[in-house]
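In: Just the structure for this:
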Amino acid sequence: MPPRLRAPRRRAAVLLGVLALAAGPVSCGSQSAAPQDRPGCVSLKGLREEQLGEVAGPLDGASPAPGDSGVYLRRLYGAGTEPVATVYGKGGVQQRLSDGHLLAYADERIEFADGTVQARGFYDLTDAAAGAAQYIPTIGSTGVFRDKAGRITFRAVRPGREFSAEIEMCPTGMFR
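Out: Below you'll find the predicted structure:
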């Protein structure tokens, strides 16, 4: 009798399905869990991000349009007056969406004294300029952030100049 090939295919399909479900978005667990309830997580709340000088590039105008881009330097502050991190960023307006909103992309390197975070992703620039909270994914590259993933959530206080922010990151194996 010839060997049956269906069972291994079925097992492979089930295994691929399980792997696909397990590879869902990285999360720091439930929103109600305190950081101490999530071992290995880093939660930085109450941050204030301020622009240093002017944006270099066409994003410094009052009416950004698709194709505009720029680079910027910002500082992150905690509760005190001393900066806790430096943000080296570049961004650009990617396209105008069907609802008229602008889709933007940010690429940031956030350097803290105890580690570095990379933040890259798309967000709604129109909503952000109106003060709505936006977020982009983060990956830790060094120090206390190494091997962690999460997101930075930001809200414009003074669009283009000052933002409130928080960073939540957990070990990359923690899924919600």
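
In: okay, residue 68: pLDDT?
Out: In the predicted model, residue 68 carries a pLDDT score of 89.

In: An error on my part: the question was meant for residue 140.
Out: In this prediction, residue 140 has a pLDDT value of 96.

In: likewise residue 162?
Out: In the predicted model, residue 162 carries a pLDDT score of 88.

In: How many neighbouring residues does it have?
Out: If you count neighbours by other Cβ atoms under 10 Å, residue 162 ends up with 13. Yep, even glycine has a C-beta here, placed from its N, CA and C like the rest.

In: can you check residue 136 too?
Out: 19.

In: for it, what are its contacts?
Out: Applying Cβ atoms under 8 Å, 6 or more residues apart in numbering, one finds that residue 136 lies in contact with 106, 108, 119, 120, 121, 122, 123, 151, 152.

In: With adjacent residues omitted, what lies nearest to it?
Out: Here the nearest residue to residue 136 in space, its sequence neighbours aside, is residue 121; by Cβ to Cβ, 6 or more residues apart in numbering that works out to 3.4 Å.

In: Return the list of helices and strands in contact with the helix or strand hosting that neighbour.
Out: Of the helices and strands defined by DSSP states H and E, residue 121 is found in strand 115-124. Using 3 or more Cβ pairs under 8 Å, 6 or more residues apart in numbering; DSSP states H and E as the contact criterion, the neighbours of strand 115-124 among helices and strands are strand 102-112, strand 134-143, strand 148-158.

In: Restricting to C-alpha, output it in PDB.
Out: Coordinates of each C-alpha in strand 115-124 appear next as PDB, following Å, rounded to 0.1, in the frame of the first residue of the first chain:
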ATOM      1  CA  GLY A 115      19.500  52.100  26.100                       C
ATOM      2  CA  THR A 116      18.200  52.900  22.600                       C
ATOM      3  CA  VAL A 117      14.800  52.500  20.900                       C
ATOM      4  CA  GLN A 118      14.000  52.500  17.200                       C
ATOM      5  CA  ALA A 119      10.500  53.800  16.300                       C
ATOM      6  CA  ARG A 120       9.300  53.400  12.800                       C
ATOM      7  CA  GLY A 121       5.800  53.400  11.300                       C
ATOM      8  CA  PHE A 122       2.900  55.200   9.700                       C
ATOM      9  CA  TYR A 123       0.400  57.500  11.400                       C
ATOM     10  CA  ASP A 124      -2.400  59.900  10.500                       C
END
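
In: Run the chain-centre distance for it.
Out: 4 Å (Cα atoms, centre = their mean, to the nearest Å).

In: Pull out the buried positions in the next helix or strand after it.
Out: Toward the C-terminus, strand 115-124 is succeeded by helix 125-129 as the next helix or strand (DSSP H and E). By 16 or more other Cβ atoms under 10 Å, the buried positions in helix 125-129 come out as 125, 126, 128, 129.
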